[in-house]
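My questions are about this predicted structure, shown below with the sequence.
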Amino acid sequence: MVYHARYVAFFERARTEMLRQRNFHQQQLLSENIAFAVRRMTVDYLLPARLDDQLEVQSEITQMRGASLTFAQRIVNADGTLLSQADVLIACIDPHQMKPRALPKSIVAEFKQ
């Protein structure tokens, strides 16, 4: 079976890849004093993933506010069976001051489509 904490890592990687696919790279964002931090995460572990299972992480932004994004994420196996789901509130922060900052207009525009 897959250790439960690995699901959190899978969810995080999927959010990072979602940004990367839209040409928002972590180093670029950091150079602009933009970082993202998990503010709240609720995870439901429904069924275990087994070793060698092919998993897919599905991610959707369900809410955008001035300085935060809310994601609904799901992990399914190759048969489409739901194994785990999470609701994640991500805060946009200035990494030097560690304080909230507005989401960049470019990110808001990209995800409003």
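All right, it came through fine. Residues are numbered from 1 along each chain as shown.

quick one: the strands in this structure?
Listed in chain order, the strands of the chain (DSSP state E) span 35-45, 55-65, 68-77, 82-94, 99-100.

what's the longest helix in the chain?
Determined from DSSP state H, the single longest helix within the chain is helix 4-21.

list the helices and strands that helix packs on?
On a contact count with 3 or more C-beta pairs under 8 Å, 6 or more residues apart in numbering; DSSP states H and E, helix 4-21 meets helix 26-31, strand 35-45, strand 55-65, strand 68-77, strand 82-94. C-beta: built from backbone N, CA, C; applies to glycine.

Give me the most central residue, this structure.
Geometric centre of the chain, nearest residue: residue 15, 3.1 Å, by C-alpha atoms, centre = their mean.

That one contacts residue 58, doesn't it?
No. Applying C-beta atoms under 8 Å, one finds residue 15 not in contact with residue 58, separated by 11.5 Å.
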